[in-house]
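Chemist: predicted model, plus sequence, below.
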Number of protein chains: 2
Amino acid sequence: MTDSRQQLVAGAADMIRRRGRGATSIREVAKHSGTPLGSTYHYFPGGKHELAAEAVRYAADTVSGILAAKLRAGPVDGLQAFFALWRNVITGSDFQAGCPVLAVSIEEAPSDDPAVTVAAEAFTAWSALLAESLRQHGVDPARADHLASLVVAAAEGAVAMCRAQRTTDALDHVAAELTALISAVTDR
Amino acid sequence: MTDSRQQLVAGAADMIRRRGRGATSIREVAKHSGTPLGSTYHYFPGGKHELAAEAVRYAADTVSGILAAKLRAGPVDGLQAFFALWRNVITGSDFQAGCPVLAVSIEEAPSDDPAVTVAAEAFTAWSALLAESLRQHGVDPARADHLASLVVAAAEGAVAMCRAQRTTDALDHVAAELTALISAVTDR
DNA sequence: GCTATCCTATGACGAGTGTTATAGCCAAGG
DNA sequence: CCTTGGCTATAACACTCGTCATAGGATAGC
């Protein structure tokens, strides 16, 4: 079944966002996914690297899909959905889970590591979605890029702060400030 | 010598900001610091937990000192020094190093993990320094807290984005936007 | 029924982990 | 001189890690 394969990807994504890639072992991913260890290298001949890269891509694409959908109602709605999404991840896991893309980005890795490449693409994709929406609402193109980076960076950083502080204050405060900022620079 | 002790703390901080705490082994910290493994448990009877907590505190206090000093010239100067600091960490390590406080915040840990507690305090301390400076320059107290959280969160997130993308664009763009924002809300 | 193909089960490999114990060095203090 | 105490060296403990090989089972097509 290619069903076990998907279980492994989803399980790996869930573990990476809790513990990071380095601390996520294939054995535990297999157990956590109800999938035999022996099958891991059947589905992912590239081993841990391949599984990790696919897990990050899976998580990133999920977020991209949600963000793109919500942005159709405008940049502020997209922004708020983005923050609400991360807020749910945090509160739904008792402050144990965060962003797998961020987790992969902060571990030492050869510069050609596929998972890090996927992470970079994810950040770029999220920023691009936001920037495009801002442009469509009258924001200067160059400034739209800057603001989009600010939103993504602030959300990612706030998630980490919330995990350490065991409060959603950082996320809530950042969301409030950015909502005000984006509302002010967009028309309607 | 208590000198070896300090070497271990500094070495651990340097390794944690590159690989994260989980992937940082005591053996490598000892080697990297030119200190014998046997001494580690002499200086840090609490083992890895104690060493990691102290390393994070050491790094966090260093940043706090720099931030406090630069903030004396005003919030915008402090903000810019904060971003310049992280930019130097990234470019000076060929995108290999990041923020040890962030690294520790992102790994699964018991909620009473001392290193995570120290990380939470670091985020709070940095935010408090910024918020106080904003208040002294005419910003409404509640809003000062929000803006301070935004600055810290955005900087931390941008550092991670830069590492993944192997560009300082995110940091530069975020710094530019926040400089404009803080300049606009402060008097003078 | 038979066979070929996909998947699983099991165990092993070498390496690396945190940690502890024991024995040794080597400089001060008497 | 000799002893005491802080520091170091070495080896061992009981893991876990990624990875691979090999053997077993199921399941589909004929």
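Modeler: Yep, that arrived.

Chemist: quick one: is the helix or strand where A:Arg17 lies near DNA strand D?
Modeler: Secondary structure from DSSP states H and E places A:Arg17 in helix A:2-19. No - residues of helix A:2-19 contacting DNA strand D under Cβ under 7 Å from any atom of the strand: none, with a closest distance of 9.8 Å. (Each C-beta comes from the backbone N, C-alpha and C, glycine too.)

Chemist: in that helix, what's buried?
Modeler: Neighbour-count burial for helix A:2-19 flags A:4-5, A:7-19 (criterion: 16 or more other Cβ atoms under 10 Å in any protein chain shown).

Chemist: which one of the residues you listed is nearest A:Cys99?
Modeler: A:Arg17 (6.1 Å; Cβ to Cβ).

Chemist: for that closest one, what are its contacts?
Modeler: A:Ala59, A:Val89, A:Ala97, A:Gly98, A:Cys99, A:Pro100, A:Ala103 (Cβ atoms under 8 Å, 6 or more residues apart in numbering or on different chains).

Chemist: show me the two of the residues you listed that sit farthest apart.
Modeler: Maximum distance among the contacts of A:Arg17 (Cβ to Cβ): 12.1 Å, for A:Val89 and A:Ala103.

Chemist: more crowded one of these two?
Modeler: A:Ala103 (31 against 20; other Cβ atoms under 10 Å in any protein chain shown).

Chemist: who are the packing partners of the helix or strand bottoming out on mean pLDDT in chain A?
Modeler: Least confident helix or strand, chain A: helix A:37-43 with a mean of 87, by mean pLDDT, DSSP states H and E. Helices and strands touching helix A:37-43, by 3 or more Cβ pairs under 8 Å, 6 or more residues apart in numbering or on different chains; DSSP states H and E, are helix A:2-19, helix A:26-32.

Chemist: chain A: helices as residue ranges?
Modeler: Applying DSSP state H to chain A gives helices spanning A:2-19, A:26-32, A:37-43, A:48-71, A:75-91, A:100-105, A:114-136, A:141-165, A:169-185.

Chemist: hey, which of the ones you listed is tucked in deepest?
Modeler: Among those, ranked by average contacts under mean count of other Cβ atoms under 10 Å in any protein chain shown, first place goes to helix A:100-105 (a mean of 30).

Chemist: if you count contacts, what does that one end up packed against?
Modeler: Using 3+ Cβ pairs under 8 Å, 6+ apart, helix A:100-105 sits against helix A:2-19, helix A:48-71, helix A:114-136, helix A:141-165, helix B:141-165.

Chemist: nearest to DNA strand C: which residue in chain A?
Modeler: Chain A approaches DNA strand C most closely through A:Gly38 (2.5 Å), counting by Cβ to the nearest atom of the strand.

Chemist: surely A:Ser183 is in contact with A:Val76?
Modeler: Yes - in this structure, A:Ser183 is within contact of A:Val76 by Cβ atoms under 8 Å, at 5.6 Å.

Chemist: can you tell if stretch A:120-138 touches chain B?
Modeler: Yes - using Cβ under 8 Å from any Cβ of the partner chain, we find that stretch A:120-138 touches chain B at A:Ala120, A:Phe123, A:Thr124.

Chemist: nearest to A:Ala154 among the residues you listed?
Modeler: Using Cβ to Cβ, the residues of stretch A:120-138 next to chain B come closest to A:Ala154 at A:Phe123, 12.6 Å.
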